[in-house]
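*Asks:* task: produce atomic coordinates for the following.
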Amino acid sequence: MTKSAYHHGDLARALVTAALARVEESGAEALSTRELAQSLGVSHGAPYRHFADRDALLAAVAARGFEDLVAVYERALAGLGDGRARLRAATRAFFDFAIGRPHLRRLMFESDFLSRTPPPAVLIPPANASYRLLWRAVEGAYPGADAAEIKIRTVIMVSTSHGFLSLDNAGRFQPFMYEPLTHEEMVAAVLRALEEPRWGV
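*Replies:* Take a look at the predicted model:
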């Protein structure tokens, strides 16, 4: 698409799509708005007509990630089986998403976007929706639990998932720490622990 071919909104979407591809390939640190504009055939200043700065563009990329995660959870919750089966499906689908898209997961969950006051507005709806869907999955798996138990179970699941994924992505699990298990078996063991919790509240 040439410079003159972009309509209002098209360039914004194209920038987010191109930035997402760059983040997934090399991480958020590698994103250059100048290079992005050049790759799309627009002026170096064009991205700033849609995004205040590079940070705002990255927030939009993170929002796209949360939108994708919402779709992941919705598919899992629409699946067959009882509440426990759907929670297992949601947990496994999240791990597939996170392991398959590690740079995006890090931008979504390890950047400071969601802890800002206020957070970027573009992030709030999809991030909240993804968490509420996970909450719903936990609620469906434990129909007799009250609101406090559902919340703490969800918090523990999220903490365990992201703690493991962050350490694994950083290469902190050396082979001597989990052999004779393979790496895949270690991941499967973590998933089993998430699916069959032993904690109390």
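
*Asks:* in the strand or helix carrying residue 136, what's buried?
*Replies:* Element membership of residue 136 [criterion: DSSP states H and E] is helix 124-141. Buried residues in helix 124-141, counted by 16 or more other Cβ atoms under 10 Å: 126-127, 129-131, 133-141. All C-beta spots, glycine's among them, are computed from the backbone N, C-alpha and C.

*Asks:* ditto for stretch 21-33
*Replies:* Buried, per 16+ other Cβ under 10 Å, within stretch 21-33: 22, 23, 24, 28, 31, 33.

*Asks:* now do it: everything it contacts.
*Replies:* Identification of contacts with stretch 21-33 by Cβ atoms under 8 Å, 6 or more residues apart in numbering yields 19, 36, 44, 47-48, 51, 54, 57-58, 61, 101, 103-104, 106-107, 111.

*Asks:* residues in contact with residue 191?
*Replies:* Counting by Cβ under 8 Å, 6+ apart, residue 191 has contacts 91, 92, 95.

*Asks:* of the residues you listed - the most surrounded one?
*Replies:* Neighbour counts for these (other Cβ atoms under 10 Å) peak at residue 91, which has 22 neighbours.

*Asks:* quick one: what helix or strand has that one in it?
*Replies:* Assigned by DSSP H and E, residue 91 belongs to helix 83-100.

*Asks:* next: residue 177.
*Replies:* helix 175-178.

*Asks:* average model confidence for stretch 186-201?
*Replies:* For stretch 186-201, mean pLDDT is 78.

*Asks:* how's this protein carved up into domains?
*Replies:* 1-51, 61-195 (automatic domain parsing).

*Asks:* least reliable of the ones you listed going by mean pLDDT?
*Replies:* Minimum mean pLDDT among the domains of the chain: domain 1-51, a mean of 87.

*Asks:* what separates that domain from the chain centre, distance-wise?
*Replies:* When C-alpha coordinates are averaged (Cα atoms, centre = their mean, to the nearest Å), domain 1-51 and its chain have centres 21 Å apart.

*Asks:* and if you look at stretch 56-68?
*Replies:* For stretch 56-68, the distance to the chain centre is 9 Å (Cα atoms, centre = their mean).

*Asks:* check stretch 99-106 too.
*Replies:* On Cα atoms, centre = their mean, the centre of stretch 99-106 falls 7 Å from the chain's centre.

*Asks:* now it: buried residues?
*Replies:* 101, 102, 103, 104, 105, 106.

*Asks:* and stretch 93-113, how far apart are its ends?
*Replies:* The separation between the terminal residues of stretch 93-113, taken as Cα to Cα, to the nearest Å, is 24 Å.

*Asks:* next: stretch 177-191.
*Replies:* 17 Å.

*Asks:* need the helices for the protein, in chain order.
*Replies:* For the chain, the helices defined by DSSP state H occupy 10-26, 33-40, 54-77, 83-100, 102-110, 124-141, 147-169, 175-178, 183-195.
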